[in-house]
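1. Have a look at this prediction, sequence included:
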Amino acid sequence: MDVMNEFIRSDIGVAIAWICGVVGFIIALIKIKENKTLKQEILKLENVRIDQGADEVSQNGKRNVYTKNNSGGMKINM
């Protein structure tokens, strides 16, 4: 235990601790920037409107049924 205390109090131990602190600080800054970018992406996705008038294709037996939603809301099977 005394060897460890001597190493921590030595110049090289202090230098290693300082370098680790600086590297940790830089990593924290990078993570904060990434977090802000992710929050902006989430806000963009929340603001996107979902198109309720999308066409549908469903399987009915051996043939595909194409259902088109027109602007009046009627469903037309083709």
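-> Arrived safely. Treat the numbers as computed from the prediction; the structure is a model and nothing was measured.
2. Look through this protein and tell me its longest helix.
-> With secondary structure taken from DSSP state H, the chain has its longest helix at helix 11-47.
3. Let me know the average pLDDT across that helix.
-> Mean pLDDT, helix 11-47: 92.
4. just checking, what packs against it?
-> Of the remaining helices and strands, those touching helix 11-47 by 3 or more Cβ pairs under 8 Å, 6 or more residues apart in numbering; DSSP states H and E are helix 2-9. C-betas here are computed from N, CA, C, even on glycine.
5. Tell me what angle the helix it packs on forms with helix 11-47.
-> Our comparison of helix 2-9 with helix 11-47, counting by axes from the mean of the first three to the mean of the last three Cα atoms, to 10 degrees, yields an angle of 70 degrees.
6. Pull helix 2-9 out as CSV, backbone CA atoms only.
-> Backbone C-alpha positions of helix 2-9 (Å, rounded to 0.1, in the frame of the first residue of the first chain) are rendered in CSV as follows:
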residue,chain,number,x,y,z
ASP,A,2,2.9,2.3,0.7
VAL,A,3,4.2,1.8,-2.8
MET,A,4,0.9,2.8,-4.3
ASN,A,5,0.8,6.0,-2.2
GLU,A,6,4.3,6.9,-3.2
PHE,A,7,3.5,6.4,-6.9
ILE,A,8,0.3,8.5,-6.6
ARG,A,9,2.2,11.3,-4.9
